[in-house]
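A.B. asks: Predicted model and sequence below, questions to follow.
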Amino acid sequence: MKPWMPVRERNDVEDLLIANVRLPSGAGTKLGIHGVHLVEPDALVHPRVIDADGLMALPGLVDLHTHLREPSPHPAETIASGTSAAARGGFTAVFAMANTDPVTDTAEAVRHIRQLASGQSAEVIPVGAITRGLNGTELSDITGMHTEGVTHFSDDGRCVMDAGLMRRALVQVSAFSGVVAQHCQDHNLAGTQACVPESADETFWPWSAEATIVARDVQLALDTKAHIHICHISTAESVDVVRWAKARGIPVTAEVTPHHLLLGSDLLHGGDTRFKVNPPLRSNEDRQAVRQALADGTIDVVGTDHAPHLPSDKDKPFPDAKPGMVGLEWALGVVIETMVTTGLLDWAGVADRMSEAPARIGQISTRQGRPLTPGEPATLVLIDPTRRAVVDKNTAVTLGRNNPYDGMNLPDPVLATFWDGRLTYDGGLIRAS
Ligand SMILES: [Zn+2]
């Protein structure tokens with residue numbers, strides 16, 4: 001496998017025929033790529049043929065929860081490096097969380113993100129802040145940002161604690177059928193030092209700090225008929241609340257991170273700050289509960305919560321280190337390891353939870369999470385479901401070295417990523433052919 005290289009040019013000079021490839025349904029097929037579209041393979045004249053025997057094509061992955069860290073005076077990631085990491089992980093669209101510096105809380109800030117994202121390796125969808133500067137006390141210019149096309153709003157990194165403010169945000173966003181995504185953490189139950197699921201001091205992050213906000217916000221969603229999205233759900237009790245709310249017909253969706261699917265609180269005993277994340281890694285019972293909920297659809301999507309940090313922000317005593325870990329490049333591998341090889345989810349389920357459902361929730365399903373049929377965008381990822389590798393944080397594409405998977409042997413399936421016919425990642429498959 002050749003080392004990764006950024007590929008910027010469109011390959012519309014050359015038609016591609018991807019032969020002998022499997023679809024998530026299990027059906028074998030061939031895919032034709034001409035310009036930005038998938039086309040009838042037989043209509044191609046002298047295409048270059050890629051033999052994809054043993055490989056599978058998934059629709060390009062969509063991440064509702066990415067921290068790209070730009071703009072920032074000291075960026076731990078850039079939009080260029082973050083979207084390159086996304087492409088390496090099979091993603092063709094990422095939702096850029098608003099907790100940058102400055103915060104994405106105005107129409108102008110949204111336009112700035114779009115400018116920075118132009119020509120990069122994945123579609124970047126700006127998420128708008130719910131409150132001004134994430135201050136939790138006054139609403140941001142939600143209407144102005146919506147004028148710029150923003151439908152997804154979140155103060156992620158912080159919880160909107162004021163229920164009255166949250167209700168007003170839901171009312172405003174429901175006027176254009178948008179989505180409010182909540183970081184569920186009652187800051188009175190889990191404060192700024194909270195980071196572990198079991199403790200007798202201020203580092204205690206109890207499960208109830210999450211479940212109580214989930215319970216409050218699904219009631220507010222029922223009250224306002226607004227779509228609430230629960231970010232990074234981590235406990236069995238929160239899953240129970242979402243299951244109850246869905247049974248009542250409340251417009252709620254939920255996500256789980258790769259790290260909460262794979263990693264447990266046992267890793268916290270050594271004090272390694274790579275494993276510090278918000279909400280914290282939890283018990284084996286919680287891990288089984290979120291896996292089961294992702295399998296049965298109670299949890300709708302996998303969201304990476306890719307959160308790169310500078311080494312200086314992680315090289316600190318555990319309670320002082322910043323929470324968060326990288327994830328874009330290993331998300332699909334972790335889902336294969338925890339959901340597919342365990343028999344909990346089939347490939348159609350993977351395509352749904354990592355592409356189709358996030359594209360629907362993020363309201364970009366006219367162009368992402370599409371079926372792989374002629375006439376559709378050539379937006380897809382070619383994978384070898386059996387390939388594995390030992391994770392090396394130093395050869396990763398992300399600039400973040402806060403990598404919880406470093407040294408682990410995990411599925412490493414992604415061979416090539418196409419976004420609108422453009423080859424945004426090539427692990428050697430396409431150029432070597
Ligand atoms: Zn969060």
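C.D. replies: Perfect, I can see it now.
A.B. asks: T192 - how many residues pack around it?
C.D. replies: Neighbour count of T192, defined by other Cβ atoms under 10 Å: 9. Glycine gets a C-beta too; all of them are placed from N, C-alpha and C.
A.B. asks: so it, which of the three states?
C.D. replies: Recorded secondary structure, T192: coil (DSSP: H, G, I helix; E, B strand; the rest coil).
A.B. asks: top helix in the protein by residue count?
C.D. replies: Ordering each helix of the chain by length in residues (DSSP state H) puts helix 208-224 first.
A.B. asks: Return the distance of that one from the chain's centre.
C.D. replies: Distance of helix 208-224 from the chain centroid (Cα atoms, centre = their mean, to the nearest Å) equals 22 Å.
A.B. asks: What residues does the protein have near the ion?
C.D. replies: D156, H183 (Cβ under 5 Å from the ion).
A.B. asks: Pick out the residue in the chain sitting closest to the ion.
C.D. replies: H183 (3.6 Å; Cβ to the ion).
A.B. asks: surely that residue meets C231?
C.D. replies: Yes - in this structure H183 lies within contact range of C231 using Cβ atoms under 8 Å: 5.1 Å.
A.B. asks: Now for those two: what residues contact both?
C.D. replies: Listed as contacting both H183 and C231 by Cβ atoms under 8 Å, 6 or more residues apart in numbering are S154, D156.
A.B. asks: for the stretch 301-433 of the chain, what spans make up the helices?
C.D. replies: 311-314, 331-335, 347-351, 357-361, 429-432 (DSSP state H, counting those that start in this stretch).
A.B. asks: Could I get the ones you listed in TSV, plus columns for mean pLDDT?
C.D. replies: Output for the helices of the stretch 301-433 of the chain, formatted as TSV (pLDDT from 0 to 100):
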stretch	mean pLDDT
helix 311-314	97
helix 331-335	99
helix 347-351	98
helix 357-361	98
helix 429-432	82
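A.B. asks: for the ones you listed, which one ends up most surrounded?
C.D. replies: The highest average neighbour count among these, using mean count of other Cβ atoms under 10 Å, belongs to helix 331-335 at a mean of 26.
A.B. asks: shaky segments in the chain?
C.D. replies: 1-13, 432-433 (pLDDT under 70).
A.B. asks: Domains in it, by residue range?
C.D. replies: Split into domains by automatic domain parsing, the chain comes to 16-57+374-432, 59-361.
A.B. asks: Tell me which of those domains sits most buried.
C.D. replies: Scoring the domains of the chain by mean count of other Cβ under 10 Å, the most buried comes out as domain 59-361, with a mean of 21.
A.B. asks: Within the helices and strands, which one has the closest residue to A107 other than its chain neighbours?
C.D. replies: Counting by Cβ to Cβ, 6 or more residues apart in numbering, A107 lies nearest to G144, which is 4.2 Å off, once chain neighbours are set aside. According to DSSP states H and E, G144 maps onto helix 142-147.
A.B. asks: So which residues make contact with that helix?
C.D. replies: 104-107, 110, 126, 128, 130, 153, 169, 172-173, 176, 178.
A.B. asks: Dump those to a markdown table, plus secondary structure and distance to A357.
C.D. replies: Below are the contacts of helix 142-147 laid out as a markdown table (DSSP: H, G, I helix; E, B strand; the rest coil; distance: Cβ to Cβ, whole Å):
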| residue | secondary structure | distance to A357 |
| --- | --- | --- |
| T104 | coil | 24 |
| D105 | coil | 27 |
| T106 | coil | 29 |
| A107 | helix | 28 |
| V110 | helix | 24 |
| P126 | strand | 20 |
| G128 | strand | 21 |
| I130 | coil | 22 |
| F153 | strand | 19 |
| A169 | helix | 23 |
| Q172 | helix | 25 |
| V173 | helix | 19 |
| F176 | coil | 21 |
| G178 | coil | 17 |
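A.B. asks: Return the member of those residues nearest to W205.
C.D. replies: I130 (22.1 Å; Cβ to Cβ).
A.B. asks: Just want the phi and psi numbers for that closest one.
C.D. replies: Main-chain torsions, I130, degrees, to the nearest 10: phi -80, psi -40.
A.B. asks: correct me, but it touches V180?
C.D. replies: Yes - when contacts are counted by Cβ under 8 Å, I130 is listed as touching V180 (6.5 Å).
A.B. asks: Find residues that contact each of the two.
C.D. replies: With Cβ under 8 Å, 6+ apart, I130 and V180 have common neighbours F153, S154, M166, A169.
A.B. asks: does the third one sit in a helix or strand, and which one?
C.D. replies: Applying DSSP H and E as the criterion places M166 in helix 163-174.
A.B. asks: list the helices and strands that helix packs on?
C.D. replies: The helices and strands touching helix 163-174, judged by 3 or more Cβ pairs under 8 Å, 6 or more residues apart in numbering; DSSP states H and E, are helix 142-147, strand 179-182, helix 208-224, strand 227-230.
A.B. asks: how big is the angle separating the third one from helix 163-174?
C.D. replies: Counting by axes from the mean of the first three to the mean of the last three Cα atoms, to 10 degrees, helix 208-224 points 50 degrees away from the direction of helix 163-174.
A.B. asks: Kindly export helix 208-224 (C-alpha atoms) in PDB.
C.D. replies: C-alpha atoms of helix 208-224 as PDB (Å, rounded to 0.1, in the frame of the first residue of the first chain):
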ATOM      1  CA  SER A 208     -27.700  10.900  35.600                       C
ATOM      2  CA  ALA A 209     -26.000  14.100  34.400                       C
ATOM      3  CA  GLU A 210     -26.600  12.800  30.800                       C
ATOM      4  CA  ALA A 211     -30.000  11.000  31.200                       C
ATOM      5  CA  THR A 212     -31.700  13.900  33.000                       C
ATOM      6  CA  ILE A 213     -30.900  16.300  30.200                       C
ATOM      7  CA  VAL A 214     -32.000  13.700  27.600                       C
ATOM      8  CA  ALA A 215     -35.300  13.300  29.500                       C
ATOM      9  CA  ARG A 216     -35.800  17.100  29.800                       C
ATOM     10  CA  ASP A 217     -35.100  17.800  26.200                       C
ATOM     11  CA  VAL A 218     -37.300  15.000  24.700                       C
ATOM     12  CA  GLN A 219     -40.100  16.600  26.700                       C
ATOM     13  CA  LEU A 220     -39.300  20.000  25.200                       C
ATOM     14  CA  ALA A 221     -39.200  18.500  21.800                       C
ATOM     15  CA  LEU A 222     -42.700  17.000  22.400                       C
ATOM     16  CA  ASP A 223     -43.800  20.400  23.600                       C
ATOM     17  CA  THR A 224     -42.500  22.400  20.600                       C
END
